[in-house]
Every structure is written in C-alpha cells, then in structure tokens.
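> Okay, here's the prediction I keep looking at, along with the sequence it came from:
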Amino acid sequence: MKMIEGGVTAAQGFVAGGIHCGVRKNKSKPDLAMIYSEAPCAAAAVYTQNLVKGAPILVTQKNIADGAAKAVICNSGNANTCNADGEEKAQTMCDLTAQALSIDPQDVVVASTGVIGQVLPIEPIQAGIPELVKALSADGSHAAATAIMTTDTIAKEAAAEVEIGGKTVKVGGISKGSGMIHPNMATMLCFVTTDCAISPAMLDKAIHQVTEKTFNMISVDGDTSTNDTFAILANGAAGNPEITAPGPDYDAFAQALEAVCRQLSKLMAGDGEGATKLLICRVDGAADLSMARTVSKSVICSTLFKAAMFGADANWGRVLCAIGYSGAAVDVNKIDVSFRSAKGQVDVCQNGAGIPFSEEEASQVLSEHEIEILVHLHLGEASAEAYGCDLTYDYVKINGDYRT
C-alpha cells in the first residue's frame, strides 16, 4: 500500500468539481461541490451521534438504505439544520442533481455545512448545478475539496493504492473540518471514493471499523456537530474479485481506507480553528485498546494542555491530570511521558513523577508545528493515537463572529 495523488478522483471512473453558486455572499469562495460515478456504486456512511441532525443526513440515510449511490452533492455556507423546510430543500438538491445527471434521486448523497438555523436558499443551488455538472472532471478533486470548506484554511485531500486480487485498487477522499470537531462519529464532512469491487455489507463494515481508529480519534474543541457525514462510494472499476467476506482482500482494502482517513484526520486536527500546532498523542503499553483510546483522546481534549502547547510550555502535569480523569483504570505510578517533534525528544516524566529536563530544549521541541505526546502506561501491549491541536486566541475570535 502506498499514498498517491488525486484525492477523491484518484479512483477510476470518478469525476468531481466545485463552483461558487451564491449560497455564500463572498464570491471568491466556492460553495457547491459534486462527485459522480457513471457506474453504479456500493455505498455506506456513518453520521453524527448528535440528536440534532441536519436535514441532509435524514435524506441521505433514506437514499442509501439500499447500499447504492452514484453521486454526492454538497453545499457550504449553510448547514440546512433546524429549518422547517430542511428535508424538502435537501430532497430538492437530490432531485436537481439527479435531473442534471440523468440518474435516480435516490442515488444521491446530499450534505450541507455552515451556519445552523438559517433557511437554505435553494435558488442559487438550482441555478448552479448545471454549471457544476459541466465542470466535473477527473482532475476535479481539489475544486470539490475547496467548495466544501467553511472555516478551513486548507483543502484536505488524500489517496492511496493497494493490490487486491492482482488488480491495483485506489482509494481517495476529501474532507472538511476545522471547528466543532469532536467526533462520535466525526464533526466533519468526508467523502471517499474507491474503484474496489466490494459488497455494500463489507463496505459498511470497513467504514465503521476505520472510523473508530481515525475520525473518532480527533478533537479540536469538544463540540460534536449536527451535520457530520462520512460517506463512501465503491464502483468496482478496478476489476478485482468482489470482496464479500472478511479475509486478506478485505484487510488490504481496510488498510488503504485507514491510511486515507488517518491522513485526512491529521489534516483536520492540524487545521483546527486558530490552531498553530498539530498534536498527536501516542499511548503505548495499555491494558487494552479501549484504555489506549480513552487515555490518548483525554490528553488531546484537555483545554489546559492545549493552551500549554500553544505557549510551548512543557507542562507535563496537565498530561497526567488528563489521564487521571479519563476514567481509564491506569496505574499512575507507572506512567512515562515524553514530548517529541522534528527538533528532538525530551523525557519529562517517569513512573508518574517528574524528572530533570532542560526547559530551553523542551521549548524548542514544542515550537514545531507537529508535536507528539508519548505516553507509556506499562500495563499491556495495546496502543492508540489521537489527534488534536493547540488552543489559541484566534479560536475565540473566529467563533465570536462566526454567524455575523
């Protein structure tokens, strides 16, 4: 398995595009994206666990209940959530897309992202979809990735390829997510395509398995959004023997999907609203996987620790504090903590107690963009990673006037 270029159009048979249609007032920001496969696709998705769900989720759930889809339509700038006419507007987006592509409306995944509680204007979308269809391209991944951005500062794309059944299979995706990031599933939108031949049941198994390892291990601010959707389409164009059961072929596909989703997770965490640093908490020596995940995510969710990382302050006590209230049954007298970056590694805690270290060296290590927090629990063999970012002044500024 190796990482490649191409994003959501890396896989054979997929085209994508993005335009400005007018949902956003700022004409310099694209606000409507589409992904399409002429060939029928197996489809699966996971969604937010927030009880308040965006209307597009309710429509998408119905549309892909049969495990099939051919297109994705997504607008940014308005979440189409908590509106009396929300489902009607989401269904209209599917109808307009289907009409433009000459497909069934039930074969459309629909998504929206942006401000909650404002009525979605359908007229710009109606006018823009024909133009968007004309813009669809096998090189359109970046345009689509840009069109789904809200407060994101960079477009997020990733792709990988792997050999399955003697055929080269490609998996690629785009995502958006910068604020309201605390997934269960994910506070984000993510669309992944693959030319792998795989049954809807196995695709559903893979998307849930990978979500637990990647998107459910990121956090920016502790807020779980209302519109979180991670959808995947598989058109089988690679020509591999269809994956219909667990086994080596399924494992290879899941590995490639995980690699793509892990890269997108890091891009979202590192692009958290106002963030200057990507934080990766690696927990080793846990008694089981649940403990490793609980501890790693507790550390990257700690507001105090996130603030310390912004200031390049090696306040390792905040790491132990977060571990202590995580709910995991750790032995605090066995915990080791280190910080690592491109500038080196500094050990700060052994057996639950502080050890001498150079504050100057630590500050240099913590001044890099990507910082690893290494935690060893010395209780077993399980490990996990969680992804987050520092907490800066700009996070408050961004969210203080997000709606206005």
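Structure's in. What do you need?

> Could you pull up phi and psi at the residue lying farthest from the centre of the chain?
Within the chain, Pro356 marks the point farthest from the mean C-alpha position, 38.3 Å out by CA atoms, centre = their mean. Phi and psi for Pro356, reported as degrees, to the nearest 10, are phi -60, psi 140.

> So for it, what's the pLDDT?
Listed pLDDT for Pro356 reads 98.

> Just the buried positions in stretch 138-152, please.
Buried residues in stretch 138-152, counted by 16 or more other CB atoms under 10 Å: 140-152. C-beta here means a position set from N, CA and C on the backbone, and glycine is covered the same way.

> Packing partners of the worst-scoring helix or strand of the chain on mean pLDDT?
Lowest on mean pLDDT, DSSP states H and E among the helices and strands of the chain sits helix 393-400, with a mean of 79. Of the remaining helices and strands, none touches helix 393-400 by 3 or more CB pairs under 8 Å, 6 or more residues apart in numbering; DSSP states H and E.

> Show me the shaky parts of the protein.
For the chain, applying pLDDT under 70 flags the ranges 178-187, 221-224, 402-404.

> Find out how far the host helix or strand of Ala39 is from the centre of the chain, if you would.
Element membership for Ala39, per DSSP states H and E: strand 32-47. Distance of strand 32-47 from its chain centroid, counting by CA atoms, centre = their mean, to the nearest Å, is 16 Å.

> And the following helix or strand past it, what's buried?
Moving toward the C-terminus from strand 32-47, the first helix or strand encountered (DSSP H and E) is helix 55-63. Neighbour-count burial for helix 55-63 flags Ala55, Pro56, Ile57, Leu58, Val59, Thr60, Asn63 (criterion: 16+ other CB under 10 Å).

> And stretch 78-90, by the same measure?
Buried residues in stretch 78-90 (16+ other CB under 10 Å): Asn78, Ala79, Asn80, Thr81, Asn83, Gly86, Glu87, Lys89, Ala90.

> ranges for the strands of the stretch 301-404 of the chain?
Using DSSP state E, counting those that start in this stretch, the strands of the stretch 301-404 of the chain run over 336-341, 344-350, 353-354, 370-376, 382-389.

> Name the residues of the strand holding Ala39 that come out as buried.
The neighbour-count check on strand 32-47 (16+ other CB under 10 Å) flags 32-37, 41-47 as buried.

> Check which helices and strands the helix ranked longest in the chain is in contact with.
The residue-count maximum for a helix in the chain (DSSP state H) belongs to helix 248-270. When contacts are defined as 3+ CB pairs under 8 Å, 6+ apart, helix 248-270 sits against strand 156-164, strand 167-176, strand 189-194, helix 200-213, strand 278-286, strand 382-389.

> Now with 6 Å, please.
strand 156-164, strand 167-176, helix 200-213, strand 382-389 (3 or more CB pairs under 6 Å, 6 or more residues apart in numbering; DSSP states H and E).

> can you redo those as JSON lines with mean neighbour count and distance to Ile243?
Compiled in JSON lines, the helices and strands packed on helix 248-270 are given as follows (neighbours: other CB atoms under 10 Å; distance: least, CB to CB, whole Å):
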{"stretch": "strand 156-164", "mean neighbour count": "24", "distance to Ile243": "7"}
{"stretch": "strand 167-176", "mean neighbour count": "26", "distance to Ile243": "10"}
{"stretch": "helix 200-213", "mean neighbour count": "19", "distance to Ile243": "5"}
{"stretch": "strand 382-389", "mean neighbour count": "24", "distance to Ile243": "26"}
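
> what about the nearest residue to Ala308 once chain neighbours are set aside, neighbour count?
With sequence-adjacent residues excluded and distances taken as CB to CB, 6 or more residues apart in numbering, Ala308 is closest to Asn315, at 4.2 Å. Residues within reach of Asn315, counting by other CB atoms under 10 Å, total 16.

> One more: Gly166?
Gly166 - counted by other CB under 10 Å - has 8 other residues nearby.

> Then Lys397?
Lys397, neighbours per other CB under 10 Å, totals 12.

> how close does the residue nearest to Glu372 when sequence neighbours are not counted get to Cys321?
With sequence-adjacent residues excluded and distances taken as CB to CB, 6+ apart, Glu372 is closest to Arg340, at 4.3 Å. Distance of Arg340 to Cys321, computed by CB to CB, to the nearest Å: 20 Å.

> Those two - which one has more neighbours?
Taking other CB under 10 Å, Arg340 and Cys321 do not tie; Arg340 has more neighbours (19 against 16).

> I appreciate the help and will end here.
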